[in-house]
Each structure stands twice: as structure tokens, then as C-alpha cells.
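Engineer: Predicted model follows, preceded by the sequence.
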Amino acid sequence: MTKIDSKIPEGPLAQKWTHYKEHQKLVNPANKRKIDIIVVGTGLAGGAAAASLGEMGFNVKVFCIQDSPRRAHSIAAQGGINAAKNYPNDGDTVYRLFYDTVKGGDYRGREANTYRLAEVSNNIIDQLVAQGVPFAREYSGYLANRSFGGAQVSRTFYARGQTGQQLLLGAYGALSKEIKRGSVKLYTRREMLDLVIMKDGRARGIIVRNLFTGKLERYSAHAVLLATGGYGNLYFLSTNAMTSNGSAAWRAYKRGAWFANPCYVQIHPTCIPVHGDYQSKLTLMSESLRNDGRIWVPKKKEDAEKIRKKEIRPRDIPEEDRDYYLERRYPAFGNLVPRDVASRAAKERCDAGYGVGTGQAVFLDFKEAIARLGKDVIKARYGNLFDMYERITDDNPYETPMMIYPAVHYTMGGLWVDYELQSNIPGLFVGGEANFSDHGANRLGASALMQGLSDGYFILPYTMQNYLADQITVGTIPSDTPEFEQAEKDVQARIEKLMSINGKETVDYFHKKLGRIMWDHAGMARNREGLEEGIKMIQELRKEFWENVRVPGNPNGINIELEKALRVADFLELGELLARDALHREESAGGHFREEYQTPEGEALRNDKDFMYVAAWEYQGDDKEPKLHKEPLVYENIEVKTRNYKTA
Amino acid sequence: MDFKLKIWRQASPDDKGKFVDYDVHNISSDASFLEMIDILNDELVEKGEDPVAFDHDCREGICGMCSMFINGHPHGPEAATTTCQLHMRKFKDGETIVIEPWRAKPFPVIKDLIVDRSAFDEIIQAGGYISVTTGGVPDANAIPIKKENADLAMDAAACIGCGACVAACKNASAMLFVSAKVSQFALLPQGKVEAKDRVKAMVAKMDELGFGNCTNTYACEAECPKEISITNIARMNRQFIGAKLG
């Protein structure tokens, strides 16, 4: 059995990263020119890493699936980015940010990685301001902050409700600077379909499909960095952008990279509820709304029913008949409990018959905030979100409460990486949402942007260099080796197979079916029976897909259906691994809620004795069960406790 | 709801292209415009026909991908709205809807409704950034910025790079896009150092790529899904003249 080496540096927690940097190997400037690096993805992690590695002098090839790096899905993040600056003087420290993150992740994240994330968070804000990111300011001219779930301090920096956009444009600017300088070469509208591993076991290249011409292209490099985001779209309906997919990570898995904790899927509590079968995706309402919005459902079932039938309006329910269930259950954190807790509480109320709208919705009400602060203040804080809500639902949230319901949002699982963010395949690095390392079983709000940029600007440029230091004499990596030939042939065969099936059902038919199975059997709540049944259903659906999918047109040119088919084929495998992981983890933790394991009050019940480990799965073949590797999680600096948001 | 669609179909950049008529039925008034096309495409695929190719991604109104010209307007008739945030309830039952790609020389059509907007990336690469490298920067609060300026910079930075301004302009001018980026940095102290080089380089690149000039018809502002103001163009012009004289 391969031993898991997470390469956590020696020494006290707060010194680990400094110690690492003091002892890592460097590449001298003259040698950096001799090194090629492939970066797949141009979101916060990929864009920032490509720009930083380019600045250092490496030759970077960066690939994006869109027509422009500026459209990576990081652009859609709304609320903000965390950092332990303590500008509001409310008691924040690096340790507290680290503590909140580990606790928020239900003690299933790696301590050293999480501490480092908190440690570099302050540098990120400095970097962004220097780039001209227009963060919100106080009248003093200094930076403004607000709060997010899972924290009792205001540590979130924001740019209206478009923080992800502004951060991504900052990274895109840095990337554009390097593209002009010639250190970074940009390849747009390319989708990675395989990873190439050489005889010596090192990752040395990728096969991409040019989405314009349909041609398969080979690219080689001394190291490959995947920053391709999460796999939430396997649920079909999610808050992810339409082309967000898990294929790059999945292809790496099938070439030997371990996939860690796939069952940790974040269900975000504040999404606009589903309203029809034709619906293609869900839209998030920023978590920042919970700063001023109060969440409630009617106390009486008959009131909820009348609202559902539109016999009465929400405003007709008197104050004493409203159940502010988060404030009731979690007095210390109230509406600012972490996402997993808020999501489950909404589901619990709706399942019990108190839901509004279609029955699968709760209210997010600004009535009191508007009365207290005035409409103008609320408009200044959340105006664009209110407008978006109205556009989608045709309801005016200034006058009637918003309706929200949980939806699939972010995946904490991903490819296994060590402290250097290197996978178990030498030369394959993984950053941002695509790796598993920092958030444990649940991600706190405003921490995704933090991790993407921390990996991209301040971690990978160091750790990749450590790996590349002994690669300077290797010379240019050829792309005509048998390994490249074989990988390209495999992709070709997969495409030909899909085109030749010529069945009766569309790709979306299968994607929607898969999404339904995942939501029903491996969604916000899971149990053994449901998961076992779900796995069987996925296997049957996968079989049906390969016999009955219809992909029209031809592969030589733009073929959207083929693109989708390749992704759904991978989701049909990844979905099964997710369910297997959920089945094996006989405890509840963060986004993974096993109904068999809960407290009498309905809170998640961890089993630290048996499950305090990272589950890293190794591919063994299409017809074989994957092999489970366990990386024990050791907490030396934090007391592992039951999460409590009821008291301070 | 039922609609008659006239959609521009063009197999490749060299193809002449033409309008093709389609009927869609039983569309929910809550469906978004793109979901309506999804439904059409599903039917086309089931019939073995080539689905309509269009760009889209986040479907939250922020990625700037969903470019299409609807009934004579970029992103359709509703103000301050991207195509993905346009809903069928904004149309009349039975209405005929004409759907075309952006039509501007610097944005060549690639297929159906998809155009190549890489010209915008080239303009940014010409200098639409602050040339700071990673690390070694001062503490964020060491650069105080007047709240009003930060807000104005954010107004300009809200541009999503969709190209509606170019599509709306009879001259295919990119002035609103370029001026938004120039203004964001012109309003912030961090951007001042290389302000002159930036505006000159970006304007030169814009001209080189074949975008037309601004003749103050304000169509860009009227059609911009993010309500980017043409005062940015005035600011850019001042910056540009200042840079030329200085």
C-alpha cells in the first residue's frame, strides 16, 4: 500500500509556512526560462497562478474553456473575501480565522493548510488593492468590512455584490500583463480531456479539444497545474456556470490521481427556489444578505398553506406568528450560522410542512432592516441583488420578502493534494476548488475567493518551484512520445464511441436524470438505503447512456452536444464515487449529513474516533471498486469539539 | 406561451448565413430567454438537426458571455439586462422574435450566434491593468481612497465585457468598454503612475483592431446591461488629450 505523505513541515503551526519557504528549493532566473508550465483554468486560482509564475520568468501556457479568461466562473461570486486584517478592531486574528475555518469545516480539513490560508489572507487584500480592485470604502477612505456566516467578527472585504468579478478582473489584468510580456501564452476555447503521464510517472502534458475546430491538441510541460473548479454540476441544477465540469479532475483520477472526500458538497442556503422543469440552473442570492435579512416561515401550518395557495400575503402574518427558526435554534449566531446549518434548518422546516412558495422555500425578509435603516441604505448595500431577484422572480423584495431555498453550490472534495498542493502524481498540482484541502466538510462564506487567490498568488508559485528546481536539466518535453499518442488515441476513441451510439435520448435527458438521482439519494440528507439504491440507479443510467445517447452533428467543429456528452459521461462515473464515499462515511460532517447519525435536536453527529481522516480514492479499473486510502487528520493546535452555534 | 423565432444560422465563418424560422410552444412565462432556446435546441436534437450555437455560461448576468441581438437590441428590449436574465414574460404571446449575432467587423461571426470577441482581450492586454507584480505591496489601508471615487471606480469596473456597446453602436465603437477600464484606474491613486501610457496604448489598440469612433449617439449607454455611463467616455477623452499633450 502506498503511504500517504502529506509533507506537512515540521515545527509549530504558525512557523510551518515560513519554515517551508526558508528551506524550499529555488530556480535561478536564467533557468526559469527553460521551464514550461501548463495551467488549466483561468479563475482565481489558475489566473493568479499563471500570472505569478509568468512574472517569475517561467514559460506558462494557460488554457480556458471560455472565449476569454475574464469569464471563468469565479466571476460570479458575490459576497466577499475574508482576511484577518482586524481593521474593524473587533478581535480578529490569523488564529481566529484559522479556528473558524477548521470549526466551520467540521474538523475535516487539514490543519496546516488551513492555517496557511488564514496566514496569507492579509497579503491577498494588499495585493488586490494594489491592483486597483475597487473595494467598498468607508468615508474615511479606508476599507469597509461586513460579516459572513460562521464568524462573529467582520472580516469580509467586498466590492458591492460583485466581489468575485472584481477579484477575477484583477487576476485577469495581471494575466493580461504577462500575456503582453510574452511569458504567458493564452489558449482559449480549449477543454482538457486527458492528462499525460510519462514512463517515469510524472505528469508532463495534457490533451485538449479545440472547441472551435474540434481538433485534439497536445501540450507538454515540466509540470501541470489544474485549477478547473468543482464538480457541483453533476447535480444538473446548481449555482455553477453551465460549462463548469469535473472532467479534467476526473481524467486525472483515471490516470492515477486520488480523489478525496467527493461526498463533501456544499448546499448553499440562499438560492432562488426552483420553479419549473425547463430550468437550466439556479441563481444564488449572496450570503451577505443574511447580515440584514431575517429568515422565517409561518409558525402555523395553516398559514403556510394559505401563503402557498396565495390566499394571504407574507405581510399578513403577524409578528408573533412568524418562526425565525435560525434565531430560535442558534441564538449566538442567529441568521449568520454556517451554510450547512442554515440549509438543513430550511429543509427541516419545509419537510415539516411550513415551507412557502412551492413548499420548498423560506422567507428572507428585509422589512425590519428597511424600517430600521431606510430603503436607501438597503439599496446601497444590496441593490443589484434585489434587482436580480426581481428580474428572475417578478417579485419586488423591497415590498415582499424574498423566497429562498438551498441549492448545490460548492464542492469541498476534489483531487487529493499534499501541503505543496501537489497530487500523488509527481508534477501534477491542483489549486482552488479543484483540490480538497482547506475547507474540510463545509466551506464558510467568503472563503472560496480567499483560497483561490491564496493558492494562485502565494502558495503554488513557491511550491511548484520547489518541484521544478531539479527539472532544469531535463530540456524541452516532447509531445510525440508513446504516452501522448496513447492519451490522444483514448480521447479520440471516446469521442468516436459517443458519436456512433446514435440513440434516442439527448445528453440533457441523462444529465437531468443523474441530477435527480444525486439530489434525492446523495443530496442534503443521505442514508444507507438511499445511497445503495442511488449507486445502482447511477450504474443503470450509465449503461443506458452508453447505449442510447444521441449526439448529432460531427466532431470536427463546434459541437455543443458532444462537449456536454463528454462531461456527462464523466459525471456519471464521478456521481457514483461521490455516493460510495457518502456511503462509507458513517457519520455526519458539514455538507455530508447522514440521517442515521444525528443528535436528538437534529444536528450533525460526527464520529471522530472512526472517521477523522481524509478519504482518498484510487482508481482501480472501470469494473473494480476504487481503493480507499486514509489520511489521518491530526489536530495539534485546536481542540476538537462538537460544533456549537447556539452559545458564544 | 408560443413564439415564432427568426434565428440567424451560419455554419462557419465563411458561410453566408441566413435567417431560419422556428416555432416554439408551451414556454413558461418564467423561463429565461436562454432556457427558451434550450427547449428549441432539445427539439432540434431530437429531430437530428444541428442545435443553435450560442454563447452563455453563468446565467446570472455577470460573465458577459450571452451575446445576442434580439428584436433590434443587444440582449433584448429590457433595459439593464443580460440575455440570460431576460424572461419570456417580457414578450407577448405569439410574438415573432428576431435573434441575430453581434454584427461588428472586429467581432467576426464564428457560428450562428457566436462571435469572436478576443479583440476585447487584446485591448486589455495593451494596458488595461496596473503593472504590479505579486507580493511586495504596501498594506491595503496605506492607500486611502475617497469613498465617492471608490464608488465611481466600481461603477466603471462593473463592465462585463459583453460587447453590447459595440453591437449597439452604428460605428462599432468600443469607446464605452475602453473608457470603463480607463476610468476605473484613473479614479484610483494606484492607477495614476502609468495612466498616460495606459490610455494611449488602449486607444491605439482599439483603433488598430478596427473599432469605429464615438459620435455621441449614446446608444451604447442605453443598451449596456450594466448601465455603464458615457461620462466615462468623456473622462477617457480628457485623459487621452492630457496624455497626448503631456
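Structural biologist: Here it is on my side, so go on. Numbering: from 1, shown residues only, chains lettered A, B, ... in the order given.
Engineer: Spell out the secondary structure type for the residue most central in space within chain B.
Structural biologist: Among the residues of chain B, B:Cys162 comes closest to the average C-alpha position under CA atoms, centre = their mean, at 2.0 Å. Three-state call for B:Cys162 (DSSP: H, G, I helix; E, B strand; the rest coil): coil.
Engineer: Contacts only, for it.
Structural biologist: B:64-67, B:74-75, B:82, B:225 (CB atoms under 8 Å, 6 or more residues apart in numbering or on different chains). In short, each C-beta sits where N, CA and C put it, glycine included.
Engineer: If we use 6 Å, what do you get?
Structural biologist: Listed by CB atoms under 6 Å, 6 or more residues apart in numbering or on different chains, the contact partners of B:Cys162 are B:64, B:67.
Engineer: phi, psi of it?
Structural biologist: Torsion angles at B:Cys162 (phi, psi; degrees, to the nearest 10) stand at phi -80, psi -20.
Engineer: Pull up the gap between it and A:Ala257, please.
Structural biologist: The gap separating B:Cys162 from A:Ala257 is 36 Å, by CB to CB, to the nearest Å.
Engineer: how close does the residue nearest to the centre of chain B sit to B:Thr231?
Structural biologist: Distance from B:Cys162 to B:Thr231, by CB to CB: 20 Å.
Engineer: How about A:Ala151?
Structural biologist: From A:Ala151 to B:Thr231 the distance is 38 Å (CB to CB).
Engineer: neighbour-wise, which of the two wins?
Structural biologist: The neighbour count for A:Ala151 versus B:Thr231, taken as other CB atoms under 10 Å in any protein chain shown, is higher for A:Ala151 (26 against 14).
Engineer: Setting the sequence-adjacent residues aside, check what's closest to the more buried one.
Structural biologist: Spatially, and ignoring its direct neighbours in sequence, A:Ala151 is nearest to A:Asp100 (5.1 Å; CB to CB, 6 or more residues apart in numbering or on different chains).
Engineer: got it, and B:Asp155?
Structural biologist: Nearest residue to B:Asp155 in three dimensions, chain neighbours excluded: B:Ser229, at 6.9 Å (CB to CB, 6+ apart).
Engineer: and the one you found, helix, strand or coil?
Structural biologist: Using three-state DSSP, the structure places B:Ser229 in coil.
Engineer: Give me the neighbour count for it.
Structural biologist: Applying other CB under 10 Å, we find 17 residues neighbouring B:Ser229.
Engineer: Which of the helices or strands spans B:Ala167?
Structural biologist: Using DSSP states H and E, the element containing B:Ala167 is helix B:164-168.
Engineer: any idea of the mean pLDDT for the helix or strand that comes right after that helix?
Structural biologist: As assigned by DSSP H and E, the chain's next helix or strand after helix B:164-168 is helix B:175-186. The average pLDDT for helix B:175-186 rounds to 98.
Engineer: Is there contact, residue-wise, from helix B:175-186 to chain A?
Structural biologist: Yes - against chain A, helix B:175-186 shows contacts by CB under 6 Å from any CB of the partner chain at B:Phe185.
Engineer: Which elements pack onto that helix?
Structural biologist: Counting contacts by 3 or more CB pairs under 6 Å, 6 or more residues apart in numbering or on different chains; DSSP states H and E, helix B:175-186 packs against helix B:147-157, helix B:195-208, helix B:231-245.
Engineer: For those, give me a markdown table that also has mean pLDDT.
Structural biologist: Formatted as a markdown table, those follow (pLDDT from 0 to 100):
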| stretch | mean pLDDT |
| --- | --- |
| helix B:147-157 | 97 |
| helix B:195-208 | 98 |
| helix B:231-245 | 96 |
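Engineer: Take those helices and write them to a markdown table, including distance to A:Ile459.
Structural biologist: Shown next, in a markdown table, are the helices and strands packed on helix B:175-186 (distance: least, CB to CB, whole Å):
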| stretch | distance to A:Ile459 |
| --- | --- |
| helix B:147-157 | 27 |
| helix B:195-208 | 30 |
| helix B:231-245 | 36 |
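Engineer: so which of the ones you listed comes closest to A:Ile370?
Structural biologist: Proximity to A:Ile370 (CB to CB) singles out helix B:147-157 among the helices and strands packed on helix B:175-186, at 21.4 Å.
Engineer: Return the distance of that closest one from the chain's centre.
Structural biologist: Distance of helix B:147-157 from its chain centroid, counting by CA atoms, centre = their mean, to the nearest Å, is 20 Å.
Engineer: cool, stretch A:260-276 as well?
Structural biologist: The answer for stretch A:260-276 is 11 Å, by CA atoms, centre = their mean.
Engineer: go on, stretch A:220-236?
Structural biologist: Centroid separation for stretch A:220-236 versus its chain: 11 Å, with CA atoms, centre = their mean.
Engineer: what residues are up against A:Ile272?
Structural biologist: Contacts of A:Ile272 (CB under 6 Å, 6+ apart): A:283, A:392.
Engineer: Mind picking out the helix or strand in chain A with the poorest mean pLDDT?
Structural biologist: One helix or strand of chain A scores below all others by mean pLDDT, DSSP states H and E: helix A:375-393, with a mean of 91.
Engineer: helices or strands up against it?
Structural biologist: Partner elements for helix A:375-393 (3+ CB pairs under 6 Å, 6+ apart): none found.
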